[in-house]
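> output the structure for:
(one chain, ligands or ions: 2)
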Amino acid sequence: MQTEFTAAQLRDPDIAESNGILRTCVHCGFCTATCPTFQLLGDELDSPRGRIYLIKDMLESGRPATEEVVRHVDRCLSCLSCMTTCPSGVNYMHLVDHARSYIEDTYTRPAPERALRWLLTRILPHPTRFRLALAGAALARPFAGLIPGEGLLSQRLRAMLRLAPRDLPPPGRLELPQVHKAQGTRRGRVALLTGCAQQVLSPSINEATIRLLTRMGIEVVITRAQGCCGALAHHMGQHDPAMAMARANIAAWGAEMDGAGLDAIVINASGCGTTVKDYGFMFRNEPGDWPAQAARVAGLARDITEVLESFGYAPSAAPPGLTVAYHSACSLQHGQKITTLPKTLLSRAGFTVREPVEGHLCCGSAGTYNILQPEIAGQLRVRKLGHLNRTGADLIAAGNIGCLTQLAGDALPVAHTVELLDWMAGGPKPATLP
Ligand code: SF4
Ligand code: SF4
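Ligands and ions are numbered 1, 2, ... in the order given. Next up, the predicted model:
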């Protein structure tokens with residue numbers, strides 16, 4: 001693709017980066033076939049190729065983002081299915097991240113929209129605030145049907161109440177800052193990202209991770225200064241809050257690497273894993289040794305399934321005689337290119353694994369997308385649940401809390417992959433299973 005940035009524009013490292021990405025696109029349109037929003041809406045401007053053109057024009061013009069560009073970029077799930085399909089290696093993730101940040105800097109959203117986005121980034125990354133918000137949502141849940149109208153605000157309120165769990169589990173004790181000693185001879189030492197929303201919605205995921213790793217002889221450290229990975233703010237274009245959260249994690253894990261040492265930084269929410277693995281890129285233009293520190297942390301980041309495989313996961317329980325419909329989270333399959341490993345581990349644990357058709361398509365969760373774009377997210381959810389149900393499986397497994405929350409409630413029971421693996425290696429049966 002031809003671009004026409006001026007020499008002055010190209011001195012901005014973010015523009016220079018996006019220019020390089022834009023020039024790799026040959027506008028073949030292959031990506032449109034696997035883009036969820038293009039499949040649903042049929043509008044070229046809601047396809048990867050259309051968005052790439054919009055972003056190119058916006059950045060080249062140097063003018064504030066228009067309402068049209070914002071509408072179509074906002075509808076993008078950042079599912080990265082287009083990156084898997086693209087034969088030219090277009091890094092759409094970095095391009096759309098830049099576009100979102102540019103929009104945030106140059107476009108003034110309507111006041112209710114600004115307020116909602118402000119609230120989401122001030123509440124979701126902080127477990128105590130999120131817990132309080134969910135407690136309030138639980139009280140309001142019975143009245144969701146009384147919310148009038150089909151406007152966007154009404155849809156968003158209903159979506160938030162639907163996503164709030166009926167019963168919130170008590171806070172987990174294992175995921176507090178501490179060191180969990182390995183059982184038997186120590187074979188490794190890892191840090192665990194305990195996350196933000198996940199530890200409130202489903203502390204059993206971190207508990208299963210800690211139990212399973214320590215049982216395998218791996219010491220698990222939970223550092224005090226770590227927090228949200230920054231993905232929620234990053235995907236809303238809020239550069240500074242995202243960088244502040246990432247900086248805290250890099251400092252915390254860097255100190256641990258320099259101290260007792262780490263073999264890996266374990267992440268069991270694949271949306272977070274995709275972001276932490278990208279810290280090196282996010283910090284590439286930061287001063288001092290931040291780029292090197294960030295790259296060092298990113299280089300040690302692993303999805304839990306990668307760590308389990310490298311340390312030789314082996315089940316100890318008899319096969320449960322259950323069939324699992326494996327839902328491949330976009331951040332895992334498209335963002336991290338981890339496609340077969342979770343299924344291999346589940347099969348090794350004794351489950352029969354089935355995959356739904358259209359496995360490449362997003363379930364509609366996508367961070368805060370199911371709140372901000374409830375209509376499209378709802379359509380994708382119904383479509384995904386239909387395919388998962390038709391597998392005839394007993395339950396759904398996935399490796400990302402966002403997907404588990406999105407898919408829970410209306411069909412099969414859901415469980416995180418690591419909860420199932422822990423169960424088959426001596427842990428308790430996941431509480432979500434009958
Ligand atoms: S598949 Fe890749 S090269 Fe082709 S239009 Fe899409 S992004 Fe561009
Ligand atoms: S990230 Fe997903 S929704 Fe966005 S353009 Fe690519 S395929 Fe479409």
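
> so what's the closest residue to ligand 2 within the stretch 151-300 of the chain up against?
Closest residue of the stretch 151-300 of the chain to ligand 2, C-beta to the nearest ligand atom: His235 (10.8 Å). In this view, the C-beta of every residue, glycine as well, is placed from N, C-alpha and C. Residues near His235 by C-beta atoms under 8 Å, 6 or more residues apart in numbering: Ser78, Asp97, Arg100, Gly367, Thr368.

> out of the residues you listed, which are buried?
The neighbour-count test (16 or more other C-beta atoms under 10 Å) applied to these identifies Ser78, Asp97, Arg100, Gly367, Thr368 as buried.

> CSV for those, including pLDDT, distance to ligand 1 and secondary structure?
CSV is the format used below for the buried ones among the contacts of His235 (pLDDT from 0 to 100; distance: C-beta to the nearest ligand atom, whole Å; DSSP: H, G, I helix; E, B strand; the rest coil):
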residue, pLDDT, distance to ligand 1, secondary structure
Ser78, 97, 14, coil
Asp97, 97, 15, helix
Arg100, 98, 17, helix
Gly367, 89, 22, coil
Thr368, 91, 25, coil
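
> now those residues in JSON lines, with distance to Ala431?
Listed next are these as JSON lines, based on distance: C-beta to C-beta, whole Å:
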{"residue": "Ser78", "distance to Ala431": "31"}
{"residue": "Asp97", "distance to Ala431": "36"}
{"residue": "Arg100", "distance to Ala431": "36"}
{"residue": "Gly367", "distance to Ala431": "25"}
{"residue": "Thr368", "distance to Ala431": "26"}
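
> of all those residues, which two lie farthest apart?
Spanning the widest gap among the buried ones among the contacts of His235 are Asp97 and Thr368, at 14.9 Å by C-beta to C-beta.

> Val179 in helix, strand or coil?
Counting by DSSP: H, G, I helix; E, B strand; the rest coil, the backbone at Val179 sits in strand.

> so who does it touch?
With contact taken as C-beta under 8 Å, 6+ apart, Val179 is in contact with Glu219, Val220, Val221, Ile222.

> what is the neighbour count of the closest residue to Ala251 other than its chain neighbours?
Excluding the flanking residues, the one nearest Ala251 by C-beta to C-beta, 6 or more residues apart in numbering is Ala225, at 6.5 Å. Close neighbours of Ala225, defined as other C-beta atoms under 10 Å, add up to 12.

> ok, so what distance separates Ala225 from Gly254?
10 Å (C-beta to C-beta, to the nearest Å).

> and if you look at Gly271?
Using C-beta to C-beta, Gly271 is found at 22 Å from Gly254.

> who's more crowded, the two?
Gly271 (28 against 18).

> for the stretch 101-250 of the chain, which segments are assigned as helices?
According to DSSP state H, counting those that start in this stretch, the stretch 101-250 of the chain carries its helices in the segments 111-123, 127-140, 152-163, 197-201, 203-215, 231-234, 239-258.

> residues in contact with the residue in the stretch 201-350 of the chain that ligand 1 sits nearest to?
Ranked by C-beta to the nearest ligand atom, the top residue of the stretch 201-350 of the chain for proximity to ligand 1 is His334, at 13.1 Å. Applying C-beta under 8 Å, 6+ apart to His334 gives the contacts Cys79, Leu80, Ser81, Met83, Thr84, His360.

> among those residues, which two are most distant?
Largest separation among the contacts of His334 by C-beta to C-beta: Met83 and His360, giving 11.3 Å.

> so which residues on this structure come close to ligand 1?
25-31, 48-49, 52, 82, 85-86, 88, 90 (C-beta under 6 Å from any ligand atom).

> going by distance to Ser18, which of these wins?
Closest approach to Ser18 among these (C-beta to C-beta): Ile52, at 10.0 Å.

> quickly note the distance from the closest one to Met160.
Ile52 is 31 Å from Met160, by C-beta to C-beta.

> helix or strand next in line after the helix or strand hosting Ala292, which one?
Ala292 belongs to helix 290-300 when assigned by DSSP states H and E. The helix or strand immediately downstream of helix 290-300 is strand 301-303, counting by DSSP H and E.

> what helices or strands is that following strand leaning on?
Strand 301-303 sits against strand 264-267, helix 270-276, with contacts defined as 3 or more C-beta pairs under 8 Å, 6 or more residues apart in numbering; DSSP states H and E.

> quick one: contacts for the residue in the stretch 51-200 of the chain that ligand 1 sits nearest to?
Nearest residue of the stretch 51-200 of the chain to ligand 1: Cys86, at 3.2 Å (C-beta to the nearest ligand atom). If you count contacts by C-beta under 8 Å, 6+ apart, Cys86 has them with Cys25, Phe30, Cys31, Pro48, Tyr92.

> among those residues, the buried ones, what's the PyMOL command?
The following PyMOL line selects those of these that are buried, judged by 16+ other C-beta under 10 Å:
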select buried, resi 25+31+48+92
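
> greatest separation within the contacts of Cys86: which pair is it?
Spanning the widest gap among the contacts of Cys86 are Phe30 and Tyr92, at 12.5 Å by C-beta to C-beta.

> hmm, who's touching the least confident helix or strand in the chain by mean pLDDT?
Least confident helix or strand, the chain: helix 152-163 with a mean of 80, by mean pLDDT, DSSP states H and E. Here helix 152-163 makes contact (C-beta under 8 Å, 6+ apart) with 112, 116, 137, 140-141, 144, 147-148, 370-372, 374-375, 377-378, 405-406, 409.

> how about Arg187: what's its closest non-neighbour residue?
In space, Arg187 is closest to Gly217, 3.8 Å off (C-beta to C-beta, 6+ apart).

> I figured that neighbour hits Gln183, correct?
Yes. With contact defined as C-beta atoms under 8 Å, Gly217 reaches Gln183; the gap is 6.4 Å.

> coming back round to it: out of the contacts of helix 152-163, which end up buried?
Buried among those (16+ other C-beta under 10 Å): Leu116, Ala137, Asn370, Ile371, Leu372, Pro374, Ala377, Gly378, Thr405, Gln406.
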